[in-house]
Each structure stands twice: as C-alpha cells, then as structure tokens.
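1. Sequence isn't available, so here's the structure alone:
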C-alpha cells in the first residue's frame with residue numbers, strides 16, 4: 001500500500017535518486033527501501049522502491065521487499081535489543097544490576113558491567129571482537145569475555161563494541177533458559193516477521209550475496225558476513241540475522257505503535273558527537289530520529305514523534321567494504337526523517 005502525502009512522495013523520490021546513484025556510481029549491486037508513515041487509527045502506509053539487482057549471479061531481477069539480506073549489526077536491534085526489553089520487563093534481567101549478581105559465575109570485571117552499559121556501548125570492554133583468540137579454550141565464552149582486561153573505565157566513554165552484544169546474546173540464553181535462536185524465533189513469529197531468521201540460508205536469487213573474501217573461493221552467501229558470528233555458528237547477539245524489508249517494516253510499525261521499551265531506550269545514555277547520542281542500542285539525533293546501521297549495508301530509521309520510519313537494505317559490501325558507498329544516502333535519510 002502506498003501513500004500520496006507530500007512528505008512521502010518527496011522523500012521517496014529523493015531516496016530513490018540517492019539509491020540509484022549508489023548503484024550506478026558507487027558499486028552497490030542494488031537495494032530496496034520501505035518508507036512508512038503511520039496514518040490515523042494506527043495503520044501505516046508503505047511505499048516500496050528498489051534499484052539495481054540482487055547481485056549479478058542472481059539474474060537481472062531487481063530486489064523487492066521479500067529479498068533477504070544479511071542484517072549484520074541490525075541483529076543488535078531486531079534480536080538482542082528486543083529480547084532484552086522483554087527480559088527486563090519479565091524480571092529476568094535488570095538494566096543496572098552488576099552482571100555478576102545475576103550470573104555469579106562471571107569473573108571480574110563482570111562486577112563492573114551492567115546491561116545498560118553493554119547496550120549503550122559504555123562498557124569499557126575491548127574494542128576488538130576477535131573471538132578466534134578463544135578457539136579451543138576450556139572456559140565458557142561469557143567468562144572469557146568478562147575476564148579480558150578492560151579498555152577503559154565502564155561508564156566513562158562511548159565506544160562502539162561488538163563484544164558487549166556478543167555477551168548479551170549469551171546472557172539472554174541463560175536468562176530465558178533456551179537458545180538465543182529459539183527466543184528470537186518466538187519473538188519474530190509473534191510479531192508476524194515470518195521472513196526473519198538466523199542463518200545459514202539456502203543460496204537462492206531471493207537471498208542477497210555479500211563479499212567474496214578470497215579470490216577463486218565461493219562468495220559469502222546465505223551465511224553471516226561477520227566472521228565472529230560465523231564462529232558462533234551464525235547465531236550471535238551482535239550479528240547473524242537475515243531479514244527482508246517487509247519484515248523490518250512490520251517491526252518498525254510495531255515499535256511506533258507505542259512500544260514502551262522503545263520509549264525507554266530513546267533516552268540519551270552517552271554522547272557520541274555533536275548532534276548524536278547513544279540510547280539503549282539506538283543512535284539518537286537531536287532532530288528526533290533513532291537509527292541503527294548494519295555493516296553489510298542495512299539501516300533502520302525511526303521518527304517516533306512523526307510516526308515515520310525507513311527501512312533500507314543493500315548488500316553494499318559485495319565488492320568489499322567502503323563507507324563512501326552509502327554515506328550520502330544514509331546522511332540524506334536522517335535529514336529527510338528529521339523534517340516536520
């Protein structure tokens with residue numbers, strides 16, 4: 001369903017032009033976005049646009065809202081952040097309780113870490129994830145992560161760290177008493193997100209490939225692009241989820257319908273740079289937009305006060321990572337969503 005409001009029409013046209021530029025001038029194979037605006041009565045109208053192709057090996061067809069993309073760090077939002085909110089509401093986790101009080105087996109500095117610090121990227125944990133260092137170790141991964149020396153004093157500064165969300169994924173498994181994948185599947189099924197799952201997925205034209213890491217080797221396709229997620233079998237708190245623009249639009253509409261965990265999470269926790277702060281997982285702009293990116297070329301933007309959202313899915317790492325491929329489009333997205 002589409003809408004003809006002036007804001008949506010103008011915004012969709014500008015985003016389409018920027019995505020087309022990323023495809024034809026910056027080497028992105030293709031992409032799809034869904035622009036949503038909540039109407040009276042809580043119903044959201046969706047505008048879907050696509051450019052380019054899924055990938056050269058997938059044929060000439062353009063991607064659509066049901067093409068599955070590797071979400072990379074959007075896993076932090078669609079799985080870990082969402083499940084943490086439910087765990088906090090159920091009393092299974094506490095935002096400010098030292099992790100060692102709930103999980104006494106964790107070594108120091110587990111006593112200085114809290115869920116809030118992990119989610120706001122103020123934990124002070126080591127910035128390099130490097131789970132390969134723990135191959136064949138004889139201790140549980142959660143203990144190894146907490147035993148590593150801190151990079152900075154917890155709560156003292158913002159530093160984007162995957163390790164914190166890897167640890168959160170492990171703690172959610174313990175809190176719920178079942179694997180992270182099982183908890184996520186129940187959540188997505190409840191929300192009607194039936195095209196969302198942890199990999200691996202079967203290779204097909206409806207699954208967007210990412211990078212070919214070794215010349216002559218098979219392209220990464222249907223398995224997580226993130227190497228640390230891959231070491232965990234593709235199921236991790238920081239990366240590993242595959243989804244579609246359709247499902248992420250459904251997710252966004254659920255959040256904008258008055259989700260109390262979202263409201264709690266959009267309170268600034270730490271400054272990032274002028275005009276940007278970190279909430280619980282989300283990046284917040286002074287203009288009222290909350291967003292998160294995935295390394296592979298994915299993004300989700302919310303403008304809660306206006307009832308608007310944008311889902312953007314690409315496989316921009318197809319030819320290797322370059323921030324320049326999507327920076328103009330991502331900057332434009334924030335500017336457009338901040339408009340009244």
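-> Right, received. Where do you want to start? This is a predicted model, so every value here is computed, not measured.
2. the bottom helix or strand of the chain by mean pLDDT?
-> Least confident helix or strand, the chain: helix 99-102 with a mean of 91, by mean pLDDT, DSSP states H and E.
3. Quick one: name whatever helix or strand follows that one.
-> Downstream of helix 99-102, the first helix or strand assigned by DSSP states H and E is helix 115-119.
4. Downstream of that following helix, the next helix or strand is which one?
-> Using DSSP H and E, the helix or strand that follows helix 115-119 towards the C-terminus is helix 141-147.
5. Identify the residues contacting stretch 327-335?
-> Outside stretch 327-335, the residues that touch it by CB atoms under 8 Å, 6 or more residues apart in numbering are 14-15, 18-19, 21-22, 285, 287, 289, 291, 293, 299, 301, 310, 312. Quick note: C-beta positions are derived from backbone N, CA and C, even for glycine.
6. Of these, just the buried ones, ChimeraX syntax please.
-> Selecting only the buried entries of the contacts of stretch 327-335 in ChimeraX, with 16 or more other CB atoms under 10 Å as the criterion:
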select :15,18,19,22,285,289,291,293,299,301,310,312
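7. quick one: which of the contacts of stretch 327-335 is nearest residue 111?
-> The nearest member of those to residue 111, counting by CB to CB, is residue 293 at 31.8 Å.
8. Now do the contacts for the closest one.
-> Residues near residue 293 by CB under 8 Å, 6+ apart: 73-74, 299, 330.
9. One more pass at 7 Å, please.
-> Residues in contact with residue 293 (CB atoms under 7 Å, 6 or more residues apart in numbering) are 73, 299, 330.
10. Doesn't residue 156 belong to a strand?
-> No - counting by DSSP: H, G, I helix; E, B strand; the rest coil, one finds residue 156 to be coil, located in no strand.
11. Mind pulling up the pLDDT for it?
-> Residue 156 is assigned a predicted lDDT (pLDDT) of 94.
12. Next: the one 4 residues further on.
-> At residue 160 the predicted local distance difference test score is 97.
13. Could you tell me how many residues sit around it?
-> Burial of residue 160 is recorded as 11 neighbouring residues (other CB atoms under 10 Å).
14. From the chain's centroid, how far away is the one helix or strand residue 263 maps to?
-> If you go by DSSP H and E, residue 263 is part of helix 260-265. Taking CA atoms, centre = their mean, to the nearest Å, the mean C-alpha location of helix 260-265 is offset from the chain mean by 16 Å.
15. other SSEs contacting it?
-> Helices and strands touching helix 260-265, as assessed by 3 or more CB pairs under 7 Å, 6 or more residues apart in numbering; DSSP states H and E, are absent.
16. Strand partners (parallel or antiparallel) of the helix or strand following that helix?
-> Later in the chain than helix 260-265, the nearest helix or strand by DSSP H and E is strand 270-273. As defined by DSSP bridges, the strand partners of strand 270-273 come to strand 276-278 (antiparallel).
17. Name the surrounding residues that touch the strand it pairs with.
-> For strand 276-278, the external contacting residues (CB under 7 Å, 6+ apart) are 120-121, 158, 268-272, 283-285.
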